[in-house]
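> Here's a sequence, model it:
(chains A and B)
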Amino acid sequence: MNTATEADAVIAMQRIHTRFGSHAVHTDLDLEVRRGEILAIAGGSGSGKSVLLREMILLQRPTSGTIRLFGEDIATLTAAQAHALRLRWGVMFQRGGLFGALSVRENVALPLREHSALATDMIDSIAEWKLRLTGLPADAGLKRPDALSGGMLKRASLARALALDPELLFLDEPTSGLDPASAAGVNELILNTHARYELTIVIVSHDLDLLWQVSDRVAVLGEGRVLAHGTMEELSRHAHPVVQAYFVDSRRREKRTLHE
Amino acid sequence: MPSTTPTPDDPQPATIARLAARQWALSGRWTARGLGRVPQILAAEPREAGDIVLEGSQLVALDSAGAWVLHHWLRGHAPATLRGWPPHLQGLMTLVGAQSDATLTQPQKHALLARTGESTVAAARQAIALLHFIGEVALAALRVARHPRRLRLRHVLRNLQIDGFDALPIIGITAFLLGVVVAYQGADQLRHYGANVFVVDLVGYAMLREFAPLISAIIIAGRSGSAYAAQIGTMVVTEEVDAMRTLAIDPIELLVLPKIIALAVALPLLTIFADIAGVFGGMVMARSKLDIGFYEFLDRFGREMQGAALLIGIGKSFVFAFVIATIGCFQGFRTQGSADSVGRQTTISVVQSIFLVIVADALFSVAFNVLGL
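Sure, this is the predicted structure:
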């Protein structure tokens, strides 16, 4: 589908079909994520964005098609290989996915506790550092996740996703439910993180500000496949009506009035 | 040390070696997983005065955990010079170096006395909240009594089916086995005195007055009380209860009253069913161990048993039903925030309702003793 070589592709999905019962979510979908880029997956509700993300992070298998993660075909993964792969990426879930029984700092410390031999106080201070890097105030670490505001929850969730310095970061709707100021803060945080760790980022979002400001490339899902992909500039000139609707709608920021 | 390209299958562990005074060579993967025992080794190394040179040409990888460990070790030294480091790794060291080493705030730990005080106050608050809740339920019941059309009959019937009818098999089997056990335990003793036939009185009174209401209540507390707490708790977390209030629907009227009414009907009926199953279990045991036939058993049962025993058991189960439904719903409404809290409140509801059922049962025994029943 594009000219990038196999080695550049962190994720390569080919001929993906996904169906739930009689409902087809993906029909013959191809998508590639290149090393070091920020790829945004956009599309309307029900276009299969989240399902696609779940397939990338081994939470769900497509009905048919091949997925290669870091060059490894997931169809032939052993449990040990899957474990090793999972340590190479971090995921920030839409509603945070933070463990309610743990404090925010313990949430960030958990991956380090599980997967390293570091001493507890060292892990705590690394977790606290990660939290500070995401711009959380000093007292947030001891709070429970349910005591955090939406924007802080996203930041804490990002800190946990980054706990093991992953090479690949998945963000599911990182700005959903946030006010514009917090959303702008999250956008900046994503760019900072990208520059800091030189990682590959996959974002599922339909927040246009985020798509314009953060993404290198956008893939628009619809009709069960990738309708269009390219930079936002390129997409804004795309002819497909679904892609067009995306842009036309958004440009009209003035108040809408009903015409009978 | 040979310099090789890293592969995930062959992680080279992190090492640090002292080349000369104030000169250290790093190699391997300084990552959370590759560090191994390096932090402990570093902690044991004596600090050196003056500038430190860190030779990094053999470094394979460095992540924030590794950078933090180094930063932690270098604290107190003059800024270290990085020699031969891959450029992208230097950036991480600069980033970690910019961090002030603020001491970690730790969660406050209270002394034993303070904790005791806290839990006492919490228990008292909970008792007050329970009273408040009972009051609200009573008011809602009065409202419904004045306007009977507001009774959610459909919900009551649905709860009757789930909490009553669907519980018949488990209650029946448990009570039957309990009857078998009681008769078996009694059989041996009674045979010593040649008083075989008194097994009828034993099984009859034990089941009707005590075991049938108690075992039904305990099973229903585990089966329905927990379900009430979990259902209402989940609705609190997902803001459904708030939504109900904003729609001017009283959650007590819609969620609590139907459950209490249904259980107040279902539990006494289940108790009668448990009476029958339990006595039948006793009959089976009496026939096989004491040679008392079914006809003989029932004949004596009809002559000796008083209706009061049955009524006392049913009356008790009526009270138990209120205890279980009220505690289950009350704990559900006390859920706060997260899914974790739903689980906790559900557990509390079961433990508390079984505890209160047994307390109530003991109080009944005392009261009946005084009344001579």
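
> what residues does chain B put near chain A?
B:8, B:31-33, B:35-37, B:39-40, B:63-65, B:68-69, B:72, B:88, B:91-92, B:95-96, B:99, B:102, B:104-107, B:336-341 (Cβ under 8 Å from any Cβ of the partner chain). Backbone N, C-alpha and C define where each C-beta goes, glycine included.

> mind listing which of the residues you listed are in strands?
In strands, defined here by DSSP state E, there are no members of the residues of chain B next to chain A.

> of these, buried ones?
Buried members of those, counted by 16 or more other Cβ atoms under 10 Å in any protein chain shown: B:31-33, B:35-36, B:39, B:63-65, B:68-69, B:72, B:91-92, B:95-96, B:338, B:340-341.

> Among the residues you listed, name the ones in helices.
B:Pro39, B:Ser64, B:Ala65, B:Trp68, B:Val69, B:His72, B:Gly91, B:Leu92, B:Leu95, B:Val96, B:Asp340, B:Ser341 (DSSP state H).

> any weak-confidence spans in the stretch 101-250 of chain A?
A:248-250 (pLDDT under 70).

> Same question for stretch A:195-214: list its buried residues.
Quick answer for stretch A:195-214 (16+ other Cβ under 10 Å): A:197, A:199-207, A:210-212, A:214.

> That should have said stretch B:346-356, apologies.
Result for stretch B:346-356 [16+ other Cβ under 10 Å]: buried residues B:Thr346, B:Ile348, B:Ser349, B:Val350, B:Gln352, B:Ser353, B:Ile354, B:Leu356.

> With stretch B:18-25 instead?
Neighbour-count burial for stretch B:18-25, counted by 16+ other Cβ under 10 Å, picks out B:Arg22, B:Trp24, B:Ala25.

> domain assignment for chain B?
B:15-97, B:118-371 (automatic domain parsing).

> mind showing which ranges of the stretch 51-200 of chain B have poor pLDDT?
In the stretch 51-200 of chain B, residues with pLDDT under 70: B:76-79, B:100-103.

> In it, what residue comes closest to chain A?
Per Cβ to the nearest Cβ, B:Asp63 is where the stretch 51-200 of chain B lies closest to chain A, at 3.6 Å.

> which residues does that residue contact?
A:Leu164, A:Asp165, B:Trp30, B:Thr31, B:Ala32, B:Leu92 (Cβ atoms under 8 Å, 6 or more residues apart in numbering or on different chains).

> B:Met244: which of these is nearest?
For the contacts of B:Asp63, the closest approach to B:Met244 (Cβ to Cβ) belongs to A:Leu164, at 42.9 Å.

> Which element, helix or strand, includes the residue nearest to B:Ile134 when sequence neighbours are not counted?
Counting by Cβ to Cβ, 6 or more residues apart in numbering or on different chains, B:Thr326 is the residue found nearest to B:Ile134 once chain neighbours are left out, at 6.5 Å. B:Thr326 is located in helix B:307-333, with elements delineated by DSSP states H and E.

> Which elements pack onto that helix?
helix B:112-146, helix B:212-220, helix B:226-237, helix B:257-290, helix B:339-371 (3 or more Cβ pairs under 8 Å, 6 or more residues apart in numbering or on different chains; DSSP states H and E).

> Return the angle between stretch directions for the second one and helix B:307-333.
Same thing as helix B:212-220. Relative orientation of helix B:212-220 versus helix B:307-333 (axes from the mean of the first three to the mean of the last three Cα atoms, to 10 degrees): 20 degrees.

> and the helix or strand harbouring A:Thr27, how far from the chain's centre?
Per DSSP H and E: A:Thr27 is located in strand A:23-34. The chain centroid and the centroid of strand A:23-34 are separated by 16 Å under Cα atoms, centre = their mean, to the nearest Å.

> Describe which strands it pairs with in its sheet and in which direction.
strand A:9-20 (antiparallel) (DSSP bridges).

> Show me which positions of the strand it pairs with end up buried.
A:Ala9, A:Val10, A:Ile11, A:Ala12, A:Met13, A:Ile16, A:Thr18.

> residues contacting the fifth one?
With contacts defined as Cβ under 8 Å, 6+ apart, the neighbours of A:Met13 are A:Leu29, A:Asp30, A:Leu31, A:Glu32, A:Leu52, A:Glu55, A:Met56, A:Gly65, A:Thr66, A:Ile67, A:Arg68.

> A:Phe170 too?
Taking Cβ under 8 Å, 6+ apart, one finds A:Leu53, A:Met56, A:Ile57, A:Trp89, A:Gly90, A:Val91, A:Met92, A:Ala161, A:Ile201, A:Val202, A:Ile203, A:Val204 in contact with A:Phe170.

> picking that back up, make JSON lines from the contacts of A:Met13 and add distance to B:Gly222 and pLDDT to it.
Conversion of the contacts of A:Met13 to JSON lines gives the following (distance: Cβ to Cβ, whole Å; pLDDT from 0 to 100):
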{"residue": "A:Leu29", "distance to B:Gly222": "48", "pLDDT": "90"}
{"residue": "A:Asp30", "distance to B:Gly222": "53", "pLDDT": "91"}
{"residue": "A:Leu31", "distance to B:Gly222": "49", "pLDDT": "92"}
{"residue": "A:Glu32", "distance to B:Gly222": "53", "pLDDT": "91"}
{"residue": "A:Leu52", "distance to B:Gly222": "42", "pLDDT": "92"}
{"residue": "A:Glu55", "distance to B:Gly222": "40", "pLDDT": "91"}
{"residue": "A:Met56", "distance to B:Gly222": "42", "pLDDT": "91"}
{"residue": "A:Gly65", "distance to B:Gly222": "46", "pLDDT": "91"}
{"residue": "A:Thr66", "distance to B:Gly222": "49", "pLDDT": "92"}
{"residue": "A:Ile67", "distance to B:Gly222": "45", "pLDDT": "92"}
{"residue": "A:Arg68", "distance to B:Gly222": "49", "pLDDT": "92"}
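
> Got a ChimeraX select line for the buried ones in those?
Buried members of these can be picked out in ChimeraX with the line below, counting by 16+ other Cβ under 10 Å:
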select /A:29,30,31,32,52,55,56,65,67,68
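
> Show me which residues of chain A are close to chain B?
So far as Cβ under 8 Å from any Cβ goes, chain A lies against chain B at A:84, A:87-88, A:100-101, A:103, A:112, A:115-119, A:121-122, A:124-126, A:128-130, A:132, A:138-139, A:141-142, A:144-147, A:164-165, A:196, A:198.

> Please indicate which of the residues you listed are buried?
A:84, A:87, A:100, A:103, A:112, A:115-116, A:118, A:122, A:124-126, A:128-130, A:132, A:141-142, A:144-146, A:164-165.

> Just to be sure, which of these are found in helices?
Per DSSP H, those map to helices at A:Ala84, A:Leu112, A:His115, A:Met122, A:Asp124, A:Ser125, A:Ile126, A:Glu128, A:Trp129, A:Lys130, A:Arg132.

> which among the contacts of B:Asp63 gets closest to B:Arg154?
A:Leu164 (52.4 Å).

> ok, that closest one touching A:Arg86?
No: using Cβ atoms under 8 Å, A:Leu164 is not in contact with A:Arg86, being 9.8 Å away.

> quick one: secondary structure of the residue lying closest to B:Ala286 once chain neighbours are set aside?
Excluding its sequence neighbours, the residue lying closest to B:Ala286 (Cβ to Cβ, 6+ apart) is B:Ile292, at 4.3 Å. Following DSSP: H, G, I helix; E, B strand; the rest coil, the label given to B:Ile292 is coil.

> Could I get the contacting residues of B:Ile292?
B:Asn196, B:Val197, B:Val199, B:Val200, B:Ala286.

> who wins for neighbours among those?
B:Ala286 (28 neighbours; other Cβ atoms under 10 Å in any protein chain shown).

> Distance-wise, check it relative to chain A.
52 Å (Cβ to the nearest Cβ, to the nearest Å).

> Next: B:Leu270.
36 Å.

> where does that residue land on pLDDT?
pLDDT recorded at B:Leu270 is 96.

> Assess the claim that it and B:Ala217 are in contact.
No: because the distance of 9.0 Å does not satisfy Cβ under 8 Å, B:Leu270 is recorded as not touching B:Ala217.

> any shared contact partners between those two?
B:Ser317.
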